[in-house]
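> please find the sequence and the predicted model below.
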Amino acid sequence: MDGGTAPRHSVSVAAVIVNDDDRVLAVQRRDNGRWEPPGGVLELNESIEDGLTREVHEETGLNVTIVALTGAYKNMPRGIVALVFRCRPTSGRLTTGPETAQLRWLTLDQVRDAMDEAYAVRIFDALDAGPPHVRIHDGTSLLA
């Protein structure tokens, strides 16, 4: 630790929402135009599940059921740890919010084309039946 300062990380959550047609919901962020699974930073006083469902509802208008934790991802330069969950939509109506410019249900081929590797891999990992994945990235690409 430099100068007695503890390292700082933030924890975020994201949902890979899969519909009955096996498409996944992606949000286009207003701030940078990137396509990603919906999610955001956990607030200090909320549980992981509550933060996930809050972020999904704020960004998409949907309510979801959490199916499984599918991965943990760290953005190395920014110190952000993201917990990603596979979810099913249960109710609500698709609506953009202050942070989302567009919403789209994407096929896996469309995910490959629309998203940076660091975010697309979260979707592919979420659809894998195996144990949760643990990966590191630089905000765009996976790191070895």
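Great, that's in hand.
> gap between the spatially closest residue to Arg54 that is not a sequence neighbour and His57?
Counting by Cβ to Cβ, 6 or more residues apart in numbering, Arg54 lies nearest to Glu46, which is 7.0 Å off, once chain neighbours are set aside. The C-beta positions use only the backbone N, C-alpha and C, and glycine is treated the same way. Relative to His57, Glu46 is positioned 13 Å away (Cβ to Cβ, to the nearest Å).
> does Ala120 count as helix, strand or coil?
When classified by DSSP: H, G, I helix; E, B strand; the rest coil, Ala120 comes out as helix.
> quick check: it touching Val111?
Yes - counting by Cβ atoms under 8 Å, Ala120 touches Val111, with 5.2 Å between them.
> stretch 27-37: how far from the chain's middle?
Centroid separation for stretch 27-37 versus its chain: 11 Å, with Cα atoms, centre = their mean, to the nearest Å.
> buried set for it?
Buried residues in stretch 27-37, counted by 16 or more other Cβ atoms under 10 Å: Val27, Gln28, Arg34, Trp35, Glu36, Pro37.
> check stretch 97-106 too.
Buried, per 16+ other Cβ under 10 Å, within stretch 97-106: Thr100, Leu103, Leu106.
> next one: stretch 79-93
Within stretch 79-93, the residues scored as buried using 16+ other Cβ under 10 Å are Ile80, Val81, Ala82, Leu83, Val84, Phe85, Arg86, Cys87, Pro89.
> which of these sits closest to Asp116?
Using Cβ to Cβ, the shortest approach to Asp116 within the buried residues of stretch 79-93 belongs to Ala82, at 13.4 Å.
> OK, contacts around the closest one?
Val11, Ser12, Val13, Ala14, Gly39, Ala72, Tyr73, Lys74, Asn75, Arg122 (Cβ atoms under 8 Å, 6 or more residues apart in numbering).
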